[in-house]
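Asker: need coordinates for the below:
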Amino acid sequence: MNTVSDSLQLAAQLILGLDAALLHIVGLSLQVSGLACAVGAVFGLLLGAWLAVARVPGHAVLVWALNTLLALPSVVVGLAVYLLLSRAGPLGHWGILFTPTAMVIAQSILVVPLIAALARRLVLEAMAQGGDQLRSLGATPLQAAGLMLLHTRVGVLTVLLTAFGRAIAEVGAVMIVGGNIDGVTRVMTTAIALETSKGDLPLALALGVVLLAVVGVVNLVIGALQWRGGTALRGPEALA
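Answerer: Residues are numbered from 1 along each chain as shown. Here you go, the predicted model:
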């Protein structure tokens, strides 16, 4: 008996049969990462636009710090959020540790630097082309940056899709703050790690195929948007 081929066959059956446990894990993964990107977009786009036009003391240090945070390990974010939300932490009274809400918070913190860095680059490129015209019309730097984000909607959507790809493939932070509780906080990445350690290869493979498909579709949409919009922002590079 070939364990690998048997596992692949069972994994295909789980996917094609729309297994309830599989669908729940996939649905929770999409929900958590989608909400995290929405929250991250609010802060990341504003921060990126401000950094693109701000001329304040220490601006170079802020940009350096932002670029440094792009490499922030997810387990460090998970640990920080865990300490904040634990019973002994300053936000322990919220009682949201080991819930999807805690996972959204952790993933939001992870994607904010990515969204901000890419949005800053997007605004800088747009300002180089049309910034003088907006300033001549009396727009303040921040107003001009906001208008540029609206003008480059395709680029902004590309940024958000890139952040979603980063969030949904993350495992360390959600494992720490979510606890990987069956039916409550178990998402695709944490389930793959658990099922592999248990030897349940069919479910792990099925989830791996679905996760790969989701990331593949995200990158396909990013490529299509870049082709249509002609944006210079390259999503796959940002995911690396």
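Asker: and the helices in this structure?
Answerer: 3-16, 20-53, 59-69, 74-85, 100-136, 141-151, 153-168, 172-178, 188-198, 201-229, 235-239 (DSSP state H).
Asker: starting at the chain centroid, how far to the first one?
Answerer: By that I understand helix 3-16. 29 Å (Cα atoms, centre = their mean, to the nearest Å).
Asker: quick check: which of the helices of the chain is buried the most?
Answerer: helix 172-178 (a mean of 26; mean count of other Cβ atoms under 10 Å). Every C-beta, even on glycine, is put in place using the N, C-alpha and C of the backbone.
Asker: what sits up against that one?
Answerer: 32, 73-75, 77-79, 81-82, 85, 97-100, 102-103, 105-107, 109-110, 185-187, 189-190, 193 (Cβ atoms under 8 Å, 6 or more residues apart in numbering).
Asker: on that earlier part again, as JSON lines, the helices of the chain with mean pLDDT would be great.
Answerer: Shown next, in JSON lines, are the helices of the chain (pLDDT from 0 to 100):
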{"stretch": "helix 3-16", "mean pLDDT": "89"}
{"stretch": "helix 20-53", "mean pLDDT": "95"}
{"stretch": "helix 59-69", "mean pLDDT": "93"}
{"stretch": "helix 74-85", "mean pLDDT": "96"}
{"stretch": "helix 100-136", "mean pLDDT": "88"}
{"stretch": "helix 141-151", "mean pLDDT": "80"}
{"stretch": "helix 153-168", "mean pLDDT": "91"}
{"stretch": "helix 172-178", "mean pLDDT": "95"}
{"stretch": "helix 188-198", "mean pLDDT": "93"}
{"stretch": "helix 201-229", "mean pLDDT": "89"}
{"stretch": "helix 235-239", "mean pLDDT": "39"}
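Asker: His93: which of the ones you listed is closest?
Answerer: Closest approach to His93 among the helices of the chain is made by helix 74-85 (9.7 Å; Cβ to Cβ).
Asker: now do the contacts for Leu84.
Answerer: 90-91.
Asker: centre-most residue in the protein?
Answerer: Ala167 (3.0 Å; Cα atoms, centre = their mean).
Asker: quick check: closest non-adjacent residue to that residue.
Answerer: Leaving aside its chain neighbours, Ala167 sits nearest to Ser33 (4.1 Å; criterion: Cβ to Cβ, 6 or more residues apart in numbering).
Asker: Val76: what's it in contact with?
Answerer: Val76 touches nothing, counting by Cβ under 8 Å, 6+ apart.
Asker: and it, how far is that from Leu194?
Answerer: For Val76, the distance to Leu194 (Cβ to Cβ, to the nearest Å) stands at 22 Å.
Asker: what of Thr162?
Answerer: For Thr162, the distance to Leu194 - Cβ to Cβ - is 27 Å.
Asker: now do Phe98
Answerer: 15 Å.
Asker: same deal with Val112?
Answerer: 28 Å.
Asker: next one: Leu30
Answerer: 19 Å.
Asker: tally up the residues packed near Gly95, please.
Answerer: For Gly95, the neighbour count with other Cβ atoms under 10 Å is 11.
Asker: tell me the contacts of Val53?
Answerer: 123, 127, 141-142, 144-145.
Asker: for Val63, same thing?
Answerer: 51, 120.
Asker: could you rerun that using 7 Å?
Answerer: Leu51 (Cβ atoms under 7 Å, 6 or more residues apart in numbering).
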